[in-house]
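*Asks:* fold the following and give me the result.
(chains A and B)
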Amino acid sequence: MGRLGTTPSQTVGPYLTIGLPWEDGPLVVPEGTAGAVWIRGTVFDGEGAPVPDALIETWQADPEGRFDHPDDPRGRGGSGFRGFGRCPTDEHGEYRIFTLLPGILPSGHGGDQARHIDVSVFARGMLNRVVTRIYFEDQDNSGDAVLASVPAERRATLVAAKTEAGYRFDVRLQGEGETVFFAV
Amino acid sequence: MATPTGLRLPRYRQDPEDTHAPMDFAGYRSTKLRHPKQPLVLLPQMLTEVTGPLLGPGRLGEHDNDLTRQHSGEPQGQRIIVTGRLLDGGGRPIRDSLVEIWQANAGGRYRHTGDRWPSPLDPNFDGLGRALTDGDGRYEFTTIKPGAYPWKNHDNAWRPAHIHFSVFGAAFTQRLVTQMYFPDDPLFGQDPIFNSIPDEKARQRMISRFDLERTEEQWALAFQFDIVVRGREQSVFEDEEDED
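*Replies:* Alright, predicted model coming up:
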């Protein structure tokens, strides 16, 4: 049984907006969905300048904590919940995602995972995506093993701040307040 | 209903370290302010990581996989057919999965307001394509061979001709954006993005193969490009089942 080598990652380059965005990409759920919130944020580089040629992708469970996916060992959720959001940054480095808060998930090792969203960040100047997680400041994050595995002084970079319209989650690629990025 | 403990999840193998570029590759200047300096934190592969979006038919328009038919007229340049399979590292096809491409036109110009390279835009070419893989993981595009183009990374810098590819795989762990190159490009030697990949064999996996069998007489050249995303580990629970 031969193992095939993975195709290497390459940058999306400066013209990613030709191929990647969709008109409804930022809408994980249709506009007007009851209880849905906007998550907004800015992507910053190492000098604190906004990054206008980045793309944020999000992946999350539905509000019941289920995935409509064959590899969910609890059985495929069947809700049809897309779970996926995609938004390029604008000229101010800002993205926005409209979604429902994901449910609490079993960790598989006892205990629960707090409500979270997985995030991929792509940009010109990045040879591979970086991965982070969004947690929510008004939720109970105390029992979350992943958050607990992050150095305490950096945990706040993973927690979205509550705003009037939803949440704010900024991404700092480098430097002071650098967002925690994960190896998956 | 399964108990919340002991979930049996697939696991995805890590890629060898030299498969992907270091994020701070000095030769590609734009990495300088855009690579994390703190060490990455290991994220165990849990439910969110072993699942991923299923982006299927609703994402496709009629001519999305034929970039030469998206306008009333035909684009300029050499018509090509690009085919390949989307596979995981165990050779398993990834079926019904969205493949997205974007590229420059035959003159090396992108239809993007940021592209100031004064090669003409082609009114009949957008450079955007989408396809779904079939039951064997196969995809196919008809397009135009993109041209090389200059950029300002270093003295007399030219990007080798390439097509950007985006694939999702079956799980968040398998998400991949890459670039497909063409055989024997004289520009490989001076391109830091291509050469950012440390492992020579891995680098070669980004170069498509000329495919004489798939050429169409009097019509189009053909290139073949398989895309491989991370494979699964043999999982603990499969071992257990073997013993049962």
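*Asks:* ok, residues contacting stretch B:23-40?
*Replies:* For stretch B:23-40, the surrounding residues in contact (CB atoms under 8 Å, 6 or more residues apart in numbering or on different chains) are A:11, A:45-47, A:49, A:51, A:123-128, A:130, A:154, A:173-175, A:178-183, B:22, B:153-154, B:192-193, B:195-196. Quick note: C-beta positions are derived from backbone N, CA and C, even for glycine.
*Asks:* just the buried residues out of those, in PyMOL syntax.
*Replies:* Paste this into PyMOL to select the buried members of these, with burial taken from 16 or more other CB atoms under 10 Å in any protein chain shown:
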select buried, (chain A and resi 11+45+46+51+123+124+125+126+127+128+130+173+174+178+179+180+181+182) or (chain B and resi 153+192+193+195+196)
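*Asks:* please flag which of the contacts of stretch B:23-40 sit within strands.
*Replies:* A:Ala123, A:Val130, A:Phe182, A:Ala183 (DSSP state E).
*Asks:* my guess is the third one contacts B:Leu42, does it?
*Replies:* Right, the one you point to is A:Phe182. Yes. Between A:Phe182 and B:Leu42 there is a contact under CB atoms under 8 Å: 7.1 Å.
*Asks:* burial count for B:Leu221?
*Replies:* When counting by other CB atoms under 10 Å in any protein chain shown, one arrives at 17 neighbours for B:Leu221.
*Asks:* got it, and A:Ala161?
*Replies:* A:Ala161: 13 neighbours (other CB under 10 Å).
*Asks:* same question for A:Gly110.
*Replies:* Neighbours of A:Gly110 (other CB under 10 Å): 11.
*Asks:* pLDDT at it, what is it?
*Replies:* Looking at A:Gly110, its pLDDT stands at 83.
*Asks:* next: the one 4 residues further on.
*Replies:* The confidence metric pLDDT takes the value 98 at A:Ala114.
*Asks:* ok, for it, nearest residue in space, not its chain neighbours?
*Replies:* Nearest residue to A:Ala114, sequence neighbours excluded (CB to CB, 6 or more residues apart in numbering or on different chains): A:Asp144, at 3.9 Å.
*Asks:* for B:Phe210, see how far away that neighbour is.
*Replies:* Going from A:Asp144 to B:Phe210 by CB to CB, to the nearest Å gives 51 Å.
*Asks:* which one of those two is surrounded by more residues?
*Replies:* A:Asp144 (24 against 14).
*Asks:* how about the backbone phi and psi for that one?
*Replies:* Main-chain torsions, A:Asp144, degrees, to the nearest 10: phi -80, psi 120.
*Asks:* give the contact list for it.
*Replies:* A:Asp144 neighbours (CB under 8 Å, 6+ apart): A:Asp112, A:Gln113, A:Ala114, A:His116, A:Tyr135.
*Asks:* pLDDT score for it?
*Replies:* A:Asp144 is given a pLDDT of 97.
*Asks:* how much space between it and A:Ala160?
*Replies:* 14 Å.
*Asks:* repeat for A:Gly35
*Replies:* For A:Gly35, the distance to A:Ala160 - CB to CB - is 16 Å.
*Asks:* and for B:Phe182?
*Replies:* 43 Å.
*Asks:* bridged to the most centrally placed residue in chain B, which residues?
*Replies:* Nearest to the geometric centre of chain B sits B:Phe165, at 3.0 Å (CA atoms, centre = their mean). Using DSSP bridges, the beta-bridge partners of B:Phe165 come out as B:Ile101, B:Thr178.
*Asks:* what sits against it?
*Replies:* B:Phe165 neighbours (CB under 8 Å, 6+ apart): B:Val99, B:Glu100, B:Ile101, B:Leu176, B:Val177, B:Thr178, B:Gln179, B:Met180, B:Phe225, B:Ile227.
*Asks:* residues touching residue 112, list them.
*Replies:* With no chain named, the answer covers chain A. A:Ile104, A:Leu105, A:Pro106, A:Gly143, A:Asp144, B:Pro4.
*Asks:* my question was about chain B, not that one.
*Replies:* Taking CB under 8 Å, 6+ apart as the test, what B:His112 contacts is A:Pro14, A:Tyr15, A:Thr17, A:Ile18.
*Asks:* how about the first one: what's its closest non-neighbour residue?
*Replies:* Yep, that's A:Pro14 we're talking about. The nearest residue in space to A:Pro14 (CB to CB, 6+ apart) is A:Arg124, at 4.4 Å.
*Asks:* pretty sure that neighbour sits against A:Val43.
*Replies:* No. In terms of CB under 8 Å, A:Arg124 does not count as a neighbour of A:Val43; the distance is 11.4 Å.
*Asks:* hey, what's in contact with both of these two?
*Replies:* Common neighbours of A:Arg124 and A:Val43 (CB under 8 Å, 6+ apart) are A:Ala54.
*Asks:* the residue nearest to A:Ala114 and B:Gln38, how far apart?
*Replies:* 20 Å.
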